[in-house]
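Trainee: below are the sequence and a predicted model for it; my questions follow.
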Amino acid sequence: MVIIAGDAVDTDREDGRLWWAQNGAKRTRLSLYTTQGVHIDRVYLPVYVARNAAPVWTSDERNREASVYLRLSEKERIYAIWLNSHCGFGVVPKDAVLWEASSVGGPKNSESKIAVLKPPCYIEEFTYKFATPSSWYAITLDGAVRRLGTRSNIVALALRGDKDAERLAELKGWLSELTKQLEVQDEL
């Protein structure tokens, strides 16, 4: 099963191209394709599921192309594909990234990006010029995609016992930072 999230995809195209992005004519073209027989269901916008499928990725540096193809597969493994055609994203932990490619160009931090991931992992979607806090998403072991919000929301969720938020806050060191801040304030 493949979870597709981050950007909306076009499941009605006859050529099989679900998504593409390119930041300028001389930048890398990123694409997501589906092969014959792979059926994609929209769970909610922008999260989709391709059952009985697996991703295959290719990259052609000379022609500046990077693509992921969804093909039929009987394997029971869960993959995630994250798409972003705005300002890019980061993944925690780093070893959850199986493959990634980006198209960087334009003003400030304009970046389109595609990544094939192995859950569980967390996605940090960046904002233009980093003007507002990043939004975080969790992709769980069972393939669920959940918006956790900004760092302050995640810390609050973690303190209330939310397991996804707790794990992310631990990985990022946010709870230990908060504990140190509280200790310093107590001493004053």
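Mentor: Perfect, I can see it now.
Trainee: for Y122, which residues make a bridge with it?
Mentor: Following DSSP bridges, Y122 is listed with bridge partners V92, A138.
Trainee: next, count neighbours for it.
Mentor: Counted with other C-beta atoms under 10 Å, the neighbours of Y122 add up to 24. For the C-beta atoms, the positions are set from N, CA and C on the backbone; glycine is no exception.
Trainee: sec struct for the spatially most central residue of the chain, please.
Mentor: Note on the chain: the residue nearest the mean C-alpha position is W82, at 3.4 Å, using C-alpha atoms, centre = their mean. Classification of W82 using DSSP: H, G, I helix; E, B strand; the rest coil returns strand.
Trainee: one more: R167?
Mentor: Put simply, R167 is helix when judged by three-state DSSP.
Trainee: tell me the contacts of it?
Mentor: With contact set as C-beta atoms under 8 Å, 6 or more residues apart in numbering, R167 has these partners: P120.
Trainee: and the gap between the nearest residue to W174 once chain neighbours are set aside and I40?
Mentor: In this structure, W174 finds its nearest non-sequential neighbour in V155, 5.5 Å apart by C-beta to C-beta, 6 or more residues apart in numbering. Computed as C-beta to C-beta, to the nearest Å, the V155 to I40 distance reads 35 Å.
Trainee: out of these two, which sits in the more crowded spot?
Mentor: Ranked by neighbour count (other C-beta under 10 Å), V155 and I40 place V155 first, with 20 against 16.
Trainee: please identify the helix or strand for the more buried one.
Mentor: For V155, the enclosing helix or strand under DSSP states H and E is helix 151-159.
Trainee: can you dump the C-alpha atoms of that helix in PDB for me?
Mentor: What follows is helix 151-159, C-alpha atoms only, in PDB (Å, rounded to 0.1, in the frame of the first residue of the first chain):
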ATOM      1  CA  ARG A 151       5.900  23.100  17.500                       C
ATOM      2  CA  SER A 152       3.900  24.700  20.300                       C
ATOM      3  CA  ASN A 153       0.900  22.600  19.500                       C
ATOM      4  CA  ILE A 154       3.000  19.500  19.400                       C
ATOM      5  CA  VAL A 155       4.500  20.200  22.800                       C
ATOM      6  CA  ALA A 156       1.100  20.800  24.300                       C
ATOM      7  CA  LEU A 157      -0.200  17.500  22.700                       C
ATOM      8  CA  ALA A 158       2.800  15.700  24.100                       C
ATOM      9  CA  LEU A 159       2.200  17.000  27.600                       C
END
